[in-house]
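> Output the structure for:
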Amino acid sequence: QVQLMESGGGLVQPGGSLTLSCTISGFTRQSHVVAWYRQASDKKREEREWVATIRPSAVFTNYADSVKGRFIISRDADQNTVYLQMNSLKPEDTAVYYCYLPGDDRWGQGTQVTVSS
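Numbering: from 1, shown residues only. Down below sits the predicted model:
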């Protein structure tokens, strides 16, 4: 069974940086699309906001307008770890960040990111 584990969240001041990791284990498609989503505390699960996506080749990436130019999604060559480098963080980036495999419809447990002075 596929499992995803996020890590790297924490408290950071506005303008700061954090890098999140998503480790994928268990049986899954050899090549897979991976996405990051986030859920603010006042939003429901179905209102999770898509943040970024990376294709198996790692060449193709897509970003939400709200993070474009500030966040970078990448992956290890072994395809089992995906990163989300977050720069120039703003208070409105505060949320629980989730890793998602659409091909397996599998979510991680999330990691909290808080941007506050």
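> Pretty sure residue 95 sits against residue 113.
Yes - assessed by Cβ atoms under 8 Å, residue 95 is found in contact with residue 113 at 6.2 Å. Every C-beta, even on glycine, is put in place using the N, C-alpha and C of the backbone.
> so what sits against both of those two?
Counting by Cβ atoms under 8 Å, 6 or more residues apart in numbering, the contacts common to residue 95 and residue 113 are residue 38.
> what's the spatially most central residue of the chain in contact with, if anything?
With the centre of the chain defined as its mean C-alpha position, the nearest residue by Cα atoms, centre = their mean is residue 36, 3.1 Å away. By Cβ under 8 Å, 6+ apart, residue 36 lies in contact with 20, 22, 50-53, 73, 82, 84, 97-100.
> Can you flag the buried ones in those?
20, 22, 51-53, 73, 82, 84, 97-100 (16 or more other Cβ atoms under 10 Å).
> Show me those residues that map onto strands.
20, 22, 51-53, 73, 82, 84, 97-100 (DSSP state E).
> Turn those into a markdown table, columns for pLDDT.
A markdown table is the format used below for these (pLDDT from 0 to 100):
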| residue | pLDDT |
| --- | --- |
| 20 | 98 |
| 22 | 95 |
| 51 | 98 |
| 52 | 98 |
| 53 | 97 |
| 73 | 97 |
| 82 | 94 |
| 84 | 98 |
| 97 | 98 |
| 98 | 98 |
| 99 | 97 |
| 100 | 96 |
